[in-house]
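Student: what's the 3D shape of this:
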Amino acid sequence: MSCSGRTAVSFMKSITLGAAAVAFGLSMAGAAAAADISGAGSSFIYPVFAKWGEAYKKATGIGLNYQSIGSGGGIKQVTAKTVTFGASDKPLDDKYLADHGMIQFPMISGGIVMMYNVKGVKPGEMVLDGKTVEEIYMGKITKWNDPAIQALNKGLKLPNEPIVVVHRSDGSGTTFNFTNYLSKISKEWADKIGSDTAVEWPVGLGAKGSEGVANTVKQTAGAIGYNEYAYVIQNKLGYSKMINKDGKIVSPSLETFASAAANADWAGSKNFHVIITDQPGAKSWPIAASTWVITHTNPQDPAASAAALKFMAWAYANGKPQAKALDYVAIPDNVVKLIEASWSKIQHDGKPVYMAK
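Tutor: Below you'll find the predicted structure:
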């Protein structure tokens, strides 16, 4: 295990990821203080939000109350204005943002990993490719010793056991990126299943949240699932290497996630709408993803909006070590400047509620 992996395990043991909605950054269990920042959504970003929230609380005394309920839930809550910001691993389209008076900006990038619970197969010992994963999730490959899997793993003894497919049951940006990748790999998947935060799965067991998928795979012999890397490390699950777009075998790591993220043209995109799955590059991880923060341009509580933006600015400036320790890829500084400039659209009485220094 890498040094960063050990750091992730150490940190993740100190927090509980099993709840559908998790509040953190509070000095005591109970009601959050009035000044605390409220957000909800992506469970992909939760581990690093938790770490940032803990550090920000120590630095400022202001807590972060973030509900890890999935991207779909986060979009619903921010649209309904029940939280100050939402977080989604699927960017919203231009029309939705315009119709609801919202903006979005990227907060972090990272990697989605295929995790497994296969007796006798260690973490990182198995190799998979996109076509094999697609056929597993189509229900075409049903045994771990299937010739297609065995061909990718010569010399590895794979059991003659059924594969138990696990997927998200809730609206999930992780699902969006995973199915986006499969749609790029397979025309059949693109035509029959497609890519979205929720799809009609051909086979498999549904589990709620990244936490639920990790727990289900951990408790189910022969299971396979997709998840953000920190959850895989925290649960000490097996995870596969992947064959990327360039035909190279790559392991999940900060380096391979960063290689994929390096292709993101944030500056040239409208509303920071960039998907980074199946990127070229010898070292690029194939199922890379980003998380966007979504918030209103005309907030009903300007002070709360300003507090949230101040936290985001702090995270961009000070949160890179925590992100790196958990194998997340920080947003480049030149893009952060563009993001912070976009915050001028968030106004009250004709004036920006907060402008980064």
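Student: Nearest residue to Gly139 in space, please, no chain neighbours.
Tutor: Nearest non-adjacent residue to Gly139, counting by CB to CB, 6 or more residues apart in numbering: Val203, 3.8 Å away. (Glycine included, C-beta is placed from N, CA and C.)
Student: tell me the pLDDT at that neighbour?
Tutor: Here, the pLDDT recorded for Val203 equals 98.
Student: Can you tell me how far it is from Thr216?
Tutor: Distance, Val203 to Thr216, by CB to CB, to the nearest Å: 14 Å.
Student: of those two, who's got more company?
Tutor: Thr216 (20 against 14; other CB atoms under 10 Å).
Student: Which secondary structure elements does the helix or strand hosting that one sit against?
Tutor: Element membership of Thr216 [criterion: DSSP states H and E] is helix 209-219. Applying 3 or more CB pairs under 8 Å, 6 or more residues apart in numbering; DSSP states H and E, we find helix 209-219 packed against strand 64-68, strand 102-116, strand 164-168, strand 205-207, strand 223-228, helix 229-234.
Student: now with 10 Å?
Tutor: helix 46-60, strand 64-68, strand 102-116, strand 164-168, helix 173-185, strand 205-207, strand 223-228, helix 229-234 (3 or more CB pairs under 10 Å, 6 or more residues apart in numbering; DSSP states H and E).
Student: Quick one: the helices in this protein, in order.
Tutor: Secondary structure of the chain (DSSP state H): helices at 3-12, 46-60, 71-79, 94-100, 130-138, 147-152, 173-185, 187-192, 209-219, 229-234, 254-261, 302-318, 320-325, 333-342.
Student: my read: Tyr229 touches Gly124, true?
Tutor: No: using CB atoms under 10 Å, Tyr229 is not in contact with Gly124; the gap is 11.6 Å.
Student: How is the protein divided into domains?
Tutor: 3-108+291-352, 112-261 (automatic domain parsing).
Student: Would you single out the least confident of those domains?
Tutor: domain 3-108+291-352 (a mean of 85).
Student: Find the residue at the geometric middle of this protein.
Tutor: Phe44 (2.8 Å; CA atoms, centre = their mean).
Student: With Glu228 as the reference, measure out to that residue.
Tutor: Distance, Phe44 to Glu228, using CB to CB: 5 Å.
Student: quick one: common contacting residues for those two?
Tutor: Asp89, Gly110, Gly111, Ile112, Thr174, Asn177, Ser210, Ala289, Thr291, Tyr328 (CB atoms under 10 Å, 6 or more residues apart in numbering).
Student: Contacts only, for Thr142.
Tutor: Glu135, Ile136, Glu161, Pro162, Ile163, Val164, Val165, Val203.
Student: hmm, try it at 6 Å
Tutor: Ile163 (CB atoms under 6 Å, 6 or more residues apart in numbering).
Student: number of nearby residues for Pro332?
Tutor: Neighbours around Pro332, by other CB under 10 Å: 15.
Student: Could you find the closest non-adjacent residue to it?
Tutor: Trp266 (7.7 Å).
Student: Also Tyr226?
Tutor: Nearest non-adjacent residue to Tyr226 (CB to CB, 6+ apart): Phe178, at 4.8 Å.
Student: Make sure that neighbour is actually in contact with Ile224.
Tutor: No: counting by CB atoms under 6 Å, Phe178 sits too far from Ile224 to count as a contact (11.9 Å).
Student: just to revisit the earlier point, who wins for most neighbours among the shared contacts of Phe44 and Glu228?
Tutor: Neighbour-wise, the shared contacts of Phe44 and Glu228 (other CB under 10 Å) top out at Tyr328, 32 neighbours.
Student: where's that residue relative to Gly72, distance?
Tutor: 21 Å.
Student: Same question for Lys140.
Tutor: Applying CB to CB to Lys140 and Gly72 gives a distance of 28 Å.
Student: So between the two, which is more surrounded?
Tutor: Neighbour tally, Lys140 and Gly72, criterion other CB under 10 Å: the higher count belongs to Gly72, 23 against 14.
Student: Apart from its chain neighbours, what residue comes closest to that one?
Tutor: Excluding the flanking residues, the one nearest Gly72 by CB to CB, 6+ apart is Gly171, at 1.9 Å.
Student: ditto for Val133
Tutor: Nearest to Val133 is Met114, by CB to CB, 6+ apart, at 6.1 Å.
Student: wait, what's in contact with that neighbour?
Tutor: So Met114 contacts Leu128, Tyr226, Ser240 (CB under 6 Å, 6+ apart).
Student: do the same with Gly41
Tutor: Gly41 touches Ser71, Gly74, Gly86, Ala87, Ser88, counting by CB under 6 Å, 6+ apart.
Student: for the helices of the chain, which one ends up most surrounded?
Tutor: Comparing these by mean neighbour count (mean count of other CB atoms under 10 Å), helix 229-234 ranks first with a mean of 27.
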